[in-house]
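>>> predicted model, plus sequence, below.
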Amino acid sequence: MCGIVGVRRFDGGPVSKELLTDMSAALHHRGPDDHGLWCDGPVGFAHTRLSIIDLSASAQPMTGVTGTTHLTFNGEILNYRELRRDLDYPFTTRGDTEVLLAIYERYGAAGVSRLRGQFAYAIHDSATGETHLFRDRLGILPLYYYATDTVFAFASEIKALYPLIEAPRVDTVSLHDFLAHRSVPAPYTFIEGVRKVPQGHHLVVRADGTIRIEAYWKLPDPSEELDVSPAAAVDLLDQALRESVRDALTADVPVGAYLSGGVDSSLICALVARERGGAGLHTFSAGFGDSRVDETHWARKAALIVGSDHHETTITASHFQDEWARLSWHRDSPLSEPADVAVYRLAQLAREHVKVVLSGEGSDELFGGYPKYQFARATRLAGMIPGGPLRLLEQRLPASRARLTVALRALSEPTYAERMRGWFAPFTTRERNRLLGGPAQRSVLDPYLAGRGDPLRRMLHADVHTWLADNLLERGDRMSMAASLELRPPFLDHRVAELAFRLPSGVKVRGGSSKWIVKELARKHLPVDLVDRPKVGFKVPLDEWFRGHLREMAFDLLDGPSSFVGEHFDRTAVRGLLEAHTTGGRDEQPRIWTLLSLEVWHRELQRRLVG
């Protein structure tokens, strides 16, 4: 993958090469292998390259054969060889970059629908005076923009836009979003005036400065549901996922894989081994030295099965203190998940051996892998139950009943949208309103819950568009790119995603089992004990760390006189969370993490901007 930036001026002046150089310098980690600039009066692009395909050629920005189309591209077009065969174009390179120009020159902006892969790219067409931005269907790769009356700019990461913004300020409206989603869903961000191109969207900027943005892809409609037996559904997924894994191995450099020992990553590695054989496959896992959450022994077992060369790293509380601030800068926002630091350390380990890794990301959101999906119908109907008794019961639960606590907090919310949001929200609506002194000024989740229909499908639809795109995939991109490593999630091939939303809900949550169809497929390739073991996830033992090694850090940052959290949130409520957790009365680590992550990010942002 790479880093892209671009600027378009509407005041008649030329784009400065020095400005483009400053902007692209902020993305050096995304592309340490090469860099380039292109300027033509009021328009300019820059590019930093991580060479994966056509290593010795395909330099960017690239100009098309007509001389009127100019491209800067981040990502991989995994069907580029197939596309090349159907194009009558005088190719001068062997890679996928030039294919994008050929596709545009033949089909225009509509050509994006022919692409398979993960991508974020911009094309300036000097013949029409239009600049086009495209982001891949599931939002695997990021794309941000900033617009005023006189300038339009875009970049792979927000930090690359700062040289253009006179005084970057935090969008305080987004604080509610962060407390509700652990991230800020598209199109908004934490920085005033900076917007995110949503997944599967095309943005066009015209010569007069007007901007139009629209979706070029969406998940299948409920009317497209397939009438298939459970066994036939498993076969369909088997075929689609094998094709996706085969495509994801497209590279001119070594490709490895993350292997947690869970069913998703183990299945991906098993399919890789089936496609290429296990020899030469490097796999990577991380542990925390805590038997409650450490899964490295399962990862080792899976590595033996697929025949990979396996590598491990251990994450400690000291790693959090050492890396937290720097990784917040890379994330361009607070670290939404404690696992962010672990994902980065894992990427560092992988980068010592490969340039590309496959992951199992996206399986849970497409096929119903979280425990909450078993409560889909209850989430819709819970509004008939008074929230007070549910809240009272939740407050009396011991810290050991964490999952039931999450369920009661979510189901006690007053509206369907708030209950849906509540499953992943660190703070309930009541808690957010108290902390911030009033209700949210917007809701980005509601449009994805509109209409009626199957509750599980609606829950998955909302999670794909918010939780997955704006939290997990953003985390995966930033933490891997901080280590100059490309991440590819085969479950998020758009053909797999479309199949997932055409399959009936009964093959996803079935007989009390979450993600039934994925587990059934995995049983064809993996031992039953590995498939059927309880799900742990990539958990970090912060409950103990916040009572021990990180306790002093939490109090100093959140309750100190210069605290950003203290300025914008109710200090009494924040202090109450810290004290309730450290005394052992309640497990408040999700909420402490959320506030502390916000504080660490803001301090690092101010330090970097002032420095």
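The structure has been received and is ready for your questions. Residues are numbered from 1 along each chain as shown.
>>> low pLDDT regions in the stretch 301-450 of the chain?
380-390, 393-394, 396-400, 402, 450 (pLDDT under 70).
>>> now swap in the stretch 151-300 of the chain and tell me
In the stretch 151-300 of the chain, residues with pLDDT under 70: 278-279, 289-294.
>>> for it, which segments count as strands?
Applying DSSP state E, counting those that start in this stretch to the stretch 151-300 of the chain gives strands spanning 151-155, 194-196, 201-205, 211-215, 255-258, 282-287.
>>> ok, the stretch 351-500 of the chain next?
356-358, 486-488.
>>> out of those, the one nearest Ala186 is which?
With C-beta to C-beta as the criterion, Ala186 lies closest to strand 486-488 of the strands of the stretch 351-500 of the chain, at 19.3 Å. Glycine gets a C-beta too; all of them are placed from N, C-alpha and C.
>>> which parts of the closest one are buried?
Residues of strand 486-488 classed as buried: 486-488 (neighbour count, 16 or more other C-beta atoms under 10 Å).
>>> try stretch 105-117
105, 109, 111-112, 115-117.
>>> stretch 47-67 now?
Here stretch 47-67 shows 47-54, 58-64 as buried, counting by 16+ other C-beta under 10 Å.
>>> coming back round to it: how about the buried residues of stretch 105-117 in CSV, adding secondary structure, distance to His568 and pLDDT?
Compiled in CSV, the buried residues of stretch 105-117 are given as follows (DSSP: H, G, I helix; E, B strand; the rest coil; distance: C-beta to C-beta, whole Å; pLDDT from 0 to 100):
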residue, secondary structure, distance to His568, pLDDT
Glu105, helix, 50, 95
Ala109, helix, 41, 97
Gly111, helix, 45, 97
Val112, helix, 40, 98
Leu115, coil, 42, 97
Arg116, coil, 43, 96
Gly117, strand, 40, 96
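>>> I'd like these as JSON lines, with distance to Gly95 appended.
Formatted as JSON lines, the buried residues of stretch 105-117 follow (distance: C-beta to C-beta, whole Å):
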{"residue": "Glu105", "distance to Gly95": "17"}
{"residue": "Ala109", "distance to Gly95": "21"}
{"residue": "Gly111", "distance to Gly95": "17"}
{"residue": "Val112", "distance to Gly95": "18"}
{"residue": "Leu115", "distance to Gly95": "14"}
{"residue": "Arg116", "distance to Gly95": "15"}
{"residue": "Gly117", "distance to Gly95": "12"}
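>>> between those residues, which is nearest Arg84?
Checking those one by one against Arg84 (C-beta to C-beta), the nearest turns out to be Leu115, at 12.5 Å.
>>> does that closest one touch Tyr104 like I think?
No - using C-beta atoms under 8 Å, Leu115 makes no contact with Tyr104, being 10.8 Å away.
>>> which non-adjacent residue is nearest His282?
Gly256 (3.9 Å; C-beta to C-beta, 6 or more residues apart in numbering).
>>> name all residues that make contact with the one you found.
281-284, 350, 353-354, 356-358 (C-beta atoms under 8 Å, 6 or more residues apart in numbering).
>>> can you redo those residues as TSV with neighbour count?
Listed next are those as TSV, based on neighbours: other C-beta atoms under 10 Å:
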residue	neighbour count
Leu281	24
His282	20
Thr283	31
Phe284	29
Ala350	25
His353	14
Val354	18
Val356	24
Val357	26
Leu358	27
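>>> what's the spacing between Ala462 and Leu468?
10 Å (C-beta to C-beta, to the nearest Å).
>>> those two: which has the busier surroundings?
Leu468 (25 against 20; other C-beta atoms under 10 Å).
>>> what's the burial count for the nearest residue to the more buried one once chain neighbours are set aside?
Of all residues not flanking Leu468 in the chain, Glu365 sits nearest, at 4.4 Å (C-beta to C-beta, 6+ apart). Neighbourhood size, Glu365 [other C-beta under 10 Å]: 28.
>>> mind listing what Glu365 touches?
Taking C-beta under 8 Å, 6+ apart, one finds 460, 463-464, 467-468, 472 in contact with Glu365.
>>> no further queries at this time; thank you.
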